[in-house]
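Enquirer: Build the 3D model from these lines:
(chains A and B)
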Amino acid sequence: MLGYLGRCLAHLMVTVAGIVTVAFFLMRAIPGDPAQYMLGDYATQESLAALRAQLGLDRSLVEQYLLFVARAVQGDLGTSVATGQAALTEIIDSLPASLALAFSGLFVAVALGVPSGIAAAVRQGTWLDVAIMLVALGGISFPVFWLGLAAILLFSHKLGIFPALGSSSDAGWLTSLHHLALPALVLGFSVAAYIARLTRSAMLEVLNQDYVRVARAMGIPDRRVVYRLALRNALVPILAVIGVTFAWSLGNAILIEAVFSRPGVGSTMLKAILARDYQLVQAGVLALATGVVLTNTLLDILYGVIDPRLRAA
Amino acid sequence: MMQPKPATVLSIRGLTTTFPGPRGDIVIVDDVSLDVARGETLAVVGESGSGKTMTFHSALGLVPSPGRVVAGEVLLDGADLLRLPPHELRQRRGADIAIVFQDPLTALNPVFTIGDQIGEVLRAHTRLSRSSARKRAIETLERVHIPDPHRRVDDFPHQFSGGMRQRALIAMAIALEPKVLIADEPTTALDVTVQAQVLELLADLKRDTGMGLVLITHDLGVVARYADRLAVMYAGRVMEQGTADRVFETPRHPYTLSLFRSIPHLDTPAGTDLTPIEGLPPNPALLPTGCAFEPRCFHGGGREDCRSGRPALTPTDVPEHAARCWHWTELASERRPS
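Expert: Model prediction:
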């Protein structure tokens, strides 16, 4: 078990380093000069050169990268050129709002997707199965920003039950929960669609296994067969898709934050990209990548807990 | 129709199971009647697809959709399993009648320990606590001769060898001391040396508990050694049945005779040619109108009555014996080549 954990951890570090490296070079491949963005169109050549020197942009790309790595290892991700604050602080400040959205979205997705996928598998071919799969197809087909706009139109504009915009984190937890509900539902619904479809197919496969037939032949009650004996076997693929969709919903959170005008890592990153604020983008990518990889590591550990055969491997 | 004998514990009467096909229902189990007495071993033999397994799955209400049992009754101690409400059928399955599946590799749940799986069966039928279920699981593993059961009870199936998995499956099936145990080709997936151990175990358990044992097999050697009575199935029908000794000595159905001729015996003189059964097992969707075996029959094949009329399972000159052949009297006068 300890060796398994060690391997997971090593995997985590390699992956994060890789993602950050790619982000570093991708950002610099995008045309645009940060100094120009900061000083505006009428800046003199001298002031531009001075600012570039100050930001280290006059050095070679390799030099810049090595410098970035050397500092990053010490926990220094540079200063946001736009705000003058440490990039890491900037990201950490916007993290809680994003995490709240991502986790409540995940909660909605799992609470909606797993049971409906199981129900569809158990009632394969019935109207219930067809209905669940149709709704899921909708969830997959409509882009999340469109779903967000449609939800605002329906629930905020027509019905008036949820606020359309903002997060009002200062107004007490009940109000922030009220603001969180609609974006979380939209994010969760689109993810739930994937989870439901995969849960259905994973359960269908397991329900056809001999050991499920044996359990039924031994008179074990149906509920117990489905929710304990079969479900634990289907759990590894279900957790895998939850992991993938969680990563993907961190990306979607950028769109959701834009549609609902919520603060968060997404909107901070969006502004940073537009301003060619390299340091801030790098810090944001690092935060998102760590989040994704941490989730996957956690899942890898969970797989081992669920399926004893994976522990030995 | 024969009346069930007093000691009969399981009596299957006229069981018929169909699956929908493109041109009407396909009959997979065709009017099958079988009896199992306490302490008796009934062997059911036949080629793959002859309906052996499906007969007993039908009896236990385990026919996969869209198949369904359309006729018959399955009397277990007098109660008809086919007409019990679902929750009562569930209570009977595993407790009064249990089945050991064919392939021990796929019949155990890979993500639960052996002890958990036996405990799950115990707790489905009794009010045992978790810890006493575990204790009973260890005792049951001991009864099927799993070495070091206190330790192995917490193993997962992938840590067991093939023979031990089959034992674990048998342990699950006998945990509640059922009246009837159905062993579906219990040794097909095992090494030859392990096969004998598993069969001896089943025979011992039967002797100790007095349960009725159904041995589904295509191994005639197993039948000769372990079976009290024998039913030969072909195309979903029972072609011949009787006491095992008598069926071996004096078969009254050409199919049974062909089966015997197609395998070597210890007393077969060296150099004697084995006779394979010509043709292919029948397609259940395209059965002949008459006798199902007629196209492959060396004996009556081609005769008008064999082609047009379906023979019934009729008593023969041999006591406690019946065969489904128009011309069994001719076989009776013929000497069995040996």
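Enquirer: what's the neighbour count on the closest residue to B:Ile174 other than its chain neighbours?
Expert: Closest residue in space to B:Ile174, ignoring its immediate chain neighbours: B:Leu205 at 5.9 Å, by CB to CB, 6 or more residues apart in numbering or on different chains. (Each C-beta comes from the backbone N, C-alpha and C, glycine too.) Neighbours of B:Leu205 under the rule other CB atoms under 10 Å in any protein chain shown: 19.
Enquirer: which residues touch B:Leu205?
Expert: B:Arg143, B:Val144, B:Ile170, B:Ile174, B:Leu181, B:Met211 (CB atoms under 8 Å, 6 or more residues apart in numbering or on different chains).
Enquirer: Take these and lay them out in JSON lines including secondary structure and neighbour count.
Expert: Compiled in JSON lines, the contacts of B:Leu205 are given as follows (DSSP: H, G, I helix; E, B strand; the rest coil; neighbours: other CB atoms under 10 Å in any protein chain shown):
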{"residue": "B:Arg143", "secondary structure": "helix", "neighbour count": "19"}
{"residue": "B:Val144", "secondary structure": "coil", "neighbour count": "23"}
{"residue": "B:Ile170", "secondary structure": "helix", "neighbour count": "24"}
{"residue": "B:Ile174", "secondary structure": "helix", "neighbour count": "24"}
{"residue": "B:Leu181", "secondary structure": "strand", "neighbour count": "25"}
{"residue": "B:Met211", "secondary structure": "coil", "neighbour count": "24"}
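Enquirer: can you put those in a markdown table and add pLDDT?
Expert: Rendered in a markdown table, the data for those read as follows (pLDDT from 0 to 100):
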| residue | pLDDT |
| --- | --- |
| B:Arg143 | 90 |
| B:Val144 | 91 |
| B:Ile170 | 93 |
| B:Ile174 | 92 |
| B:Leu181 | 96 |
| B:Met211 | 94 |
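Enquirer: and the residues you listed as a markdown table, adding distance to A:Gln85?
Expert: Listed next are the contacts of B:Leu205 as a markdown table, based on distance: CB to CB, whole Å:
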| residue | distance to A:Gln85 |
| --- | --- |
| B:Arg143 | 72 |
| B:Val144 | 70 |
| B:Ile170 | 70 |
| B:Ile174 | 72 |
| B:Leu181 | 75 |
| B:Met211 | 79 |
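Enquirer: Max pairwise distance over those residues: which two?
Expert: Largest separation among the contacts of B:Leu205 by CB to CB: B:Val144 and B:Met211, giving 14.1 Å.
Enquirer: in chain B, what spans have low per-residue confidence?
Expert: For chain B, the stretches with pLDDT under 70 are B:1-6, B:265-269, B:300-301, B:334-338.
Enquirer: Where do the helices of it begin and end?
Expert: Taking DSSP state H as the criterion, chain B carries its helices at B:52-59, B:86-92, B:104-107, B:114-125, B:130-143, B:149-152, B:162-174, B:192-209, B:220-226, B:244-249, B:254-262, B:304-308, B:328-333.
Enquirer: Kindly export the second one (C-alpha atoms) in PDB.
Expert: The C-alpha atoms that make up helix B:86-92 are tabulated as PDB, following Å, rounded to 0.1, in the frame of the first residue of the first chain:
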ATOM      1  CA  PRO B  86     -41.200 -13.400  -5.600                       C
ATOM      2  CA  HIS B  87     -40.200 -12.800  -2.000                       C
ATOM      3  CA  GLU B  88     -41.000 -16.400  -1.000                       C
ATOM      4  CA  LEU B  89     -39.100 -17.700  -4.100                       C
ATOM      5  CA  ARG B  90     -36.100 -15.600  -3.000                       C
ATOM      6  CA  GLN B  91     -36.300 -17.100   0.500                       C
ATOM      7  CA  ARG B  92     -36.200 -20.600  -1.000                       C
END
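Enquirer: buried set for that helix?
Expert: B:Leu89, B:Arg90, B:Gln91, B:Arg92 (16 or more other CB atoms under 10 Å in any protein chain shown).
Enquirer: Any residue of stretch B:216-230 touching chain A?
Expert: No - Stretch B:216-230 stays out of contact with chain A when judged by CB under 8 Å from any CB of the partner chain, the minimum separation being 13.8 Å.
Enquirer: Who's the closest spatial neighbour of residue 203, skipping the chain neighbours?
Expert: Went with chain A since none was named. Closest residue in space to A:Met203, ignoring its immediate chain neighbours: A:Ala121 at 3.6 Å, by CB to CB, 6+ apart.
Enquirer: I was thinking of chain B, sorry if that wasn't clear
Expert: The nearest residue in space to B:Ala203 (CB to CB, 6+ apart) is B:Tyr226, at 5.9 Å.
Enquirer: dump the residue contacts of the residue nearest to A:Ser201 when sequence neighbours are not counted.
Expert: Distances taken as CB to CB, 6+ apart place A:Ala121 nearest to A:Ser201, at 7.8 Å, with adjacent residues excluded. For A:Ala121, the contacting residues are A:Asp129, A:Thr199, A:Arg200, A:Ser201, A:Met203, A:Leu204, A:Leu207, by CB under 8 Å, 6+ apart.
Enquirer: Could you measure from A:Ala121 over to B:Asp305?
Expert: 51 Å (CB to CB, to the nearest Å).
Enquirer: tell me which parts of chain A are close to chain B?
Expert: Near chain B, when you scan chain A using CB under 8 Å from any CB, you find A:209-211, A:213-221, A:224, A:229, A:232-233, A:306-309, A:312.
Enquirer: so how far is A:Val206 from A:Trp262?
Expert: Actually, residue A:262 is Arg. It isn't Trp. According to CB to CB, A:Arg262 stands 39 Å off from A:Val206.
Enquirer: That should have said A:Asn233, apologies.
Expert: From A:Asn233 to A:Val206 the distance is 5 Å (CB to CB).
Enquirer: cool, and B:Phe160?
Expert: To A:Val206, B:Phe160 is 21 Å away according to CB to CB.
Enquirer: Same drill for those two, tell me which one is more crowded.
Expert: The residue with more neighbours, out of B:Phe160 and A:Val206, is A:Val206; 21 against 18, by other CB under 10 Å.
Enquirer: Please name the residues that touch that one.
Expert: Contacts of A:Val206 (CB under 8 Å, 6+ apart): A:Val212, A:Ala230, A:Leu231, A:Asn233, A:Ala234.
Enquirer: would you say it is within a helix?
Expert: Yes - under DSSP: H, G, I helix; E, B strand; the rest coil, A:Val206 falls within a helix.
Enquirer: Give me the local confidence score for it.
Expert: Listed pLDDT for A:Val206 reads 94.
Enquirer: Break down the stretch 51-200 of chain A into its helices, ranges please.
Expert: A:61-73, A:87-122, A:127-141, A:144-151, A:173-207 (DSSP state H, counting those that start in this stretch).
Enquirer: need the contact list for A:Met203.
Expert: Counting by CB under 8 Å, 6+ apart, A:Met203 has contacts A:Gly117, A:Ile118, A:Ala121, A:Val122, A:Val226, A:Ala230, A:Leu231, A:Ala234.
Enquirer: again, only using 7 Å
Expert: A:Gly117, A:Ile118, A:Ala121, A:Ala230, A:Ala234 (CB atoms under 7 Å, 6 or more residues apart in numbering or on different chains).
Enquirer: Skipping its backbone neighbours, what lies nearest the second one in space?
Expert: Across the structure, with CB to CB, 6+ apart as the measure, the residue nearest A:Ile118 apart from its sequence neighbours is A:Met203 (5.6 Å).
Enquirer: Return the distance of that neighbour relative to A:Tyr303.
Expert: Separation of A:Met203 from A:Tyr303 (CB to CB): 17 Å.
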